[in-house]
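Trainee: Quick one: sequence and predicted model below, then my questions.
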Amino acid sequence: MRVELIYAPGCLNYRKALHALETVIAEERLPVPIELVEENDKKDEPVLRIDGEAVGTPRVLTCMETLRDTIASKWSDLTVSPLLRG
């Protein structure tokens, strides 16, 4: 699973988002690195991208429970057999 935190140069909000991501990934014990991607065309708020897909709204990065659900769902999609998903 590829997790990217996209942020604009000079954005200070990405630090909170990065801390939240690191916390959730550590608590879930997932072997997933976080890639920091600086893009000039981004707005003030950081964006979470998982496997090349922007995930949700900025709320995903500010609400720990929503972030946890999003990460867990994406991880489950990768690791659970299609036969078990039913």
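Mentor: Nice, thanks for sending it over.
Trainee: Identify the residues contacting the longest helix seen in the chain?
Mentor: Determined from DSSP state H, the single longest helix within the chain is helix 64-79. Under the criterion C-beta atoms under 8 Å, 6 or more residues apart in numbering, residues 1, 3, 20-21, 23-25, 27-28, 30, 32, 48, 50-51, 55-56, 59-61 lie in contact with helix 64-79. C-beta coordinates here come from the backbone N, C-alpha and C atoms, glycine included.
Trainee: Can you pick out the ones from those that are in helices?
Mentor: In this view, these that belong to helices under DSSP H are Ala20, Leu21, Thr23, Val24, Ile25, Glu27, Arg59, Val60, Leu61.
Trainee: List the contacts of the closest residue to the second one other than its chain neighbours.
Mentor: Spelled out, it's Leu21. Leaving out its chain neighbours, the residue that sits closest to Leu21 by C-beta to C-beta, 6 or more residues apart in numbering is Ile34, at 5.4 Å. Shown in contact with Ile34 (C-beta under 8 Å, 6+ apart): Val3, Glu4, Leu5, Leu18, Leu21, Glu22, Ile25.
Trainee: Make a PyMOL selection of the buried ones in those.
Mentor: The buried residues among those can be selected in PyMOL (16 or more other C-beta atoms under 10 Å) with this line:
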select buried, resi 3+4+5+18+21+25
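Trainee: Format the contacts of Ile34 as CSV; extra columns: pLDDT and distance to Arg68.
Mentor: Shown next, in CSV, are the contacts of Ile34 (pLDDT from 0 to 100; distance: C-beta to C-beta, whole Å):
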residue, pLDDT, distance to Arg68
Val3, 95, 13
Glu4, 95, 18
Leu5, 94, 16
Leu18, 93, 15
Leu21, 93, 10
Glu22, 95, 12
Ile25, 94, 10
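Trainee: just the buried members of the contacts of helix 64-79?
Mentor: Using 16+ other C-beta under 10 Å as the burial test, the contacts of helix 64-79 include Val3, Ala20, Leu21, Val24, Ile25, Leu30, Val32, Leu48, Ile50, Val55, Val60, Leu61 as buried.
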